[in-house]
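> here is a sequence together with a model predicted from it:
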Amino acid sequence: MAQHRELDPRPAGEWKGVDLGARTVSYTERDAILYALAVGAQATDLDLIFEERLRVLPTFALTLAQWAPDALGSQGGFDTRLSVHGSQQLQVLKDLPRTGELHLAARVTEVWDKGSAAVFDILVECEYFEATWSIFAPGSGGFGGERGPSKPIGPQGEPDVVLPVQTYATQAATYRLTGDRHHIHIDPEAAAGIGQPRPIMHGLCTMAALTLPLAARLGVHPADLKELSGRFAAPVFPGDELDLSTWADGEHIDFELVSGGAAVISGGRLRF
């Protein structure tokens, strides 16, 4: 019989500053290639899918650090059945090797009180990258904490570029194999539990997928990505065709990803 694990009953605001521990994670070329295929690499992208020419996509790092927000949920920080991924930030410090063993450390940096919900910011650090997950947790607010930053104002004027981003029907099922096996991405009943008609794409899969066609349009390599951030505004379903609008802002690019006229990633910003 499986042992029952007691959850930490502390109020949401008391999770700020909590150390989530450290882990050493390893991966092989096979893992990096599977990830590239999951986010949209094609058979002709030999430097993403052929081990002899492999360059590892920087967003692959996020699959290696997924344990951190999962750890907070499993300890009782928020209800994993109701929580959603609100936003993501990634800063690349240096290129990921083809194979490797990375030492990651994680902690809760902020807990914002949104009234009926809380937002947990979870930072993961290692020598190759820093990444922050913001998890929106219904039912965890109202503890008297600060509300936190408001949504950023989006770029103004007509976009410089509008590109199609095509997802595919089996993409969420494939992406699950990289480590994020939350049921809402595969099980119709779990998706219905969060009010969706069918399983939805992983936000991190969608965000990574847009970097490939954009890099091609800009004439740069997607593995040269240095920064990436954005808010997940609405779900994407496997097979959806999306529109990516971009605005140049110095060395950065602001972006918005749209499906059917509605933003699915807003406040996006990246740099190659």
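Yep, that arrived. Numbers count the residues shown, from 1 in each chain.

> outside of stretch 263-272, which residues touch it?
87, 151-152, 154, 203, 206-207, 210-211, 214-215, 218, 220, 224-236, 242, 249, 251-258 (C-beta atoms under 8 Å, 6 or more residues apart in numbering). The way it works is simple: take the backbone N, C-alpha and C, and place the C-beta from them, glycine included.

> go again using 6 Å as the cut-off
For stretch 263-272, contacts defined as C-beta atoms under 6 Å, 6 or more residues apart in numbering pick out 152, 220, 224-231, 233-234, 236, 251-257.

> so which residues of the stretch 51-200 of the chain form strands?
Secondary structure of the stretch 51-200 of the chain (DSSP state E, counting those that start in this stretch): strands at 84-92, 100-113, 117-125, 129-138, 161-166.

> list the buried ones in the helix or strand that contains D254?
Assigned by DSSP states H and E, D254 belongs to strand 252-259. Residues of strand 252-259 classed as buried by neighbour count (16 or more other C-beta atoms under 10 Å): I253, D254, F255, E256, L257, V258, S259.

> next: stretch 261-272.
Buried, per 16+ other C-beta under 10 Å, within stretch 261-272: A263, V264, I265, S266, G267, G268, R269, L270, R271, F272.

> cool, stretch 166-186 as well?
Residues 167, 171-172, 174-176, 178-180, 182-185 are the ones in stretch 166-186 that count as buried (16+ other C-beta under 10 Å).

> repeat for stretch 129-147
129-138, 140-141, 145.

> repeat for stretch 151-169
For stretch 151-169, by 16+ other C-beta under 10 Å, it's P155, P159, L163, V165, T167.

> ok, those residues vs L34, which is closest?
Taking C-beta to C-beta as the measure, L34 lies nearest T167 of the buried residues of stretch 151-169, at 17.0 Å.

> and the closest residue to that closest one other than its chain neighbours, its phi and psi?
Excluding the flanking residues, the one nearest T167 by C-beta to C-beta, 6 or more residues apart in numbering is D240, at 5.2 Å. Torsion angles at D240 (phi, psi; degrees, to the nearest 10) stand at phi -60, psi 140.
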